[in-house]
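In: sequence and predicted model, in that order:
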Amino acid sequence: MLLIHCPYCDDTLPELEFSYAGEAHIARPADPSKLSDEEWRDFLFIRTNVKGVHAERWRHINGCGRFFNALRDTVSDRFLTTYKAGEARPDTTTLEAAE
Amino acid sequence: MNAPVTSFDAVSVSVLPPVARFNLRIAPADLATVSKAFGLTLPTKIGQGEQNGDRAAYCIGPDEWLLHAAEADQQAIVAAFNAVREKTPHSLVVISDRELTISVTGPAALDLLSVACPLDLSRMANGSAKRTVFDYAQVVLIRDGEDAFRIEVWRSFFPHVHGLLEIAARELAIGL
Ligand SMILES: [Zn+2]
């Protein structure tokens, strides 16, 4: 079982308490009606689907209830870090150097 | 309701009498006001509990608390919070009847709970509480002592959670 660190609880807890919530840092366009069909499609459906470090949302649904973000390596399934919603994506190079 | 009790030397599972139970959502900066209304200093760190007589408060989210009190005090507590709501916005929801409390006590309490709870329970401090899962049912787990736990579970999940505890307690009793 994966162990995930919740930045709100400040505790590392079993995956069963969490639910996955898709790619992180995708802001909803301020004025959707100004977008072309292609731009709206990209917002709704097109994701990076990265092989490697992925920024993604998780929710501590069976715990504190909060959404937060995580950097996870999609190859090894290893979590590099987790951070509170609203914070900028941490620099991956420094994280990997710290390993 | 009749309180079912499954009891062996190593572990005992019983259903506790009703309590007044509240879910409180409030900005942490306003805690002092409602602590006064409730008559107990609310803890500020997720997982922490605070107890005084039959009043108890457990922090289960960044802005969420579970409150316990004697059943007879329910209306008075609602009134006390109503009195401060105008200046201190918050939500206080009475959830007394939403949940049932199961007590799990005895030297094998940790073994019994780990049947369906994924937490490392040995790391849980006495007096603390956690919202977690028990075989996919959401529960609040409270640790009262080394060998004493309470599980608060929604009514609809109660037959499943209590049934599992009973089966597992029997298995522990015969040494499986
Ligand atoms: Zn959490």
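Out: Thanks, I have the structure now.
In: just the strands in chain A please.
Out: Secondary structure of chain A by DSSP state E: the strands cover A:3-6, A:11-14, A:19-23, A:53-59, A:67-73, A:79-84.
In: typo on my end, chain B
Out: Using DSSP E, strands in chain B cover B:5-7, B:12-15, B:20-26, B:49-52, B:55-61, B:64-69, B:90-94, B:99-105, B:129-134, B:137-145, B:148-154.
In: so which of the ones you listed gets nearest the ion?
Out: With C-beta to the ion, the closest approach to the ion among these belongs to strand B:55-61: 7.4 Å. Bear in mind the C-beta positions are built from the backbone N, C-alpha and C, glycine included.
In: the closest one close to chain A?
Out: Yes: Strand B:55-61 lies within reach of chain A by C-beta under 8 Å from any C-beta of the partner chain, at B:I60, B:G61.
In: report the inter-axis angle for that strand versus strand B:148-154.
Out: Per axes from the mean of the first three to the mean of the last three C-alpha atoms, to 10 degrees, the angle that strand B:55-61 makes with strand B:148-154 is 70 degrees.
In: run the chain-centre distance for the helix or strand bottoming out on mean pLDDT in chain B.
Out: Every helix and strand of chain B was ranked by mean pLDDT, DSSP states H and E. The lowest is strand B:5-7, at a mean of 77. Offset of strand B:5-7 from its chain centre (C-alpha atoms, centre = their mean, to the nearest Å): 20 Å.
In: equivalent analysis for stretch B:114-130, please.
Out: The answer for stretch B:114-130 is 12 Å, by C-alpha atoms, centre = their mean.
In: mind listing what's buried along stretch B:7-15?
Out: For stretch B:7-15, the neighbour count (16 or more other C-beta atoms under 10 Å in any protein chain shown) marks B:A10, B:V11, B:S12, B:V13, B:V15 as buried.
In: show me what the last one is bridged to.
Out: The residues listed as beta-bridge partners of B:V15 by DSSP bridges are B:I102.
In: that one and B:R150 touch, don't they?
Out: No: with contact defined as C-beta atoms under 8 Å, B:V15 does not reach B:R150; the gap is 10.6 Å.
In: what sits in contact with each of those two?
Out: Jointly contacting B:V15 and B:R150 under the rule C-beta atoms under 8 Å, 6 or more residues apart in numbering or on different chains are B:T101, B:I102, B:S103.
In: most neighbours of all those residues, which one?
Out: Tallying neighbours with other C-beta atoms under 10 Å in any protein chain shown puts B:I102 at the head of the shared contacts of B:V15 and B:R150, with 22 neighbours.
In: check contacts around it.
Out: B:V13, B:S14, B:V15, B:L16, B:R150, B:I151, B:V153, B:F158, B:V161, B:H162, B:L165.
In: now do B:V78
Out: By C-beta under 8 Å, 6+ apart, the residues touching B:V78 are B:L92, B:V94.
In: try 10 Å
Out: Listed by C-beta atoms under 10 Å, 6 or more residues apart in numbering or on different chains, the contact set of B:V78 reads B:A20, B:F22, B:L92, B:V93, B:V94.
In: before we move on, back to that, can you tell me which of the buried residues of stretch B:7-15 is nearest B:D54?
Out: The closest of the buried residues of stretch B:7-15 to B:D54 turns out to be B:V15 (C-beta to C-beta; 17.9 Å).
In: how close does B:P43 get to chain A?
Out: If you measure B:P43 against chain A using C-beta to the nearest C-beta, to the nearest Å, the figure is 13 Å.
In: scratch that, B:Q51
Out: Separation of B:Q51 from chain A (C-beta to the nearest C-beta): 21 Å.
In: grab the nearest non-local neighbour of that residue.
Out: Closest residue to B:Q51 apart from its sequence neighbours, by C-beta to C-beta, 6 or more residues apart in numbering or on different chains: B:G127 at 6.7 Å.
In: give me the neighbour count for that neighbour.
Out: B:G127, neighbours per other C-beta under 10 Å, totals 17.
In: wouldn't B:F149 be in contact with B:L119 here?
Out: No: using C-beta atoms under 10 Å, B:F149 is not in contact with B:L119; the gap is 11.1 Å.
In: pull up the overlap in contacts between those two.
Out: Common contact partners of B:F149 and B:L119 (C-beta under 10 Å, 6+ apart): B:L113, B:L141.
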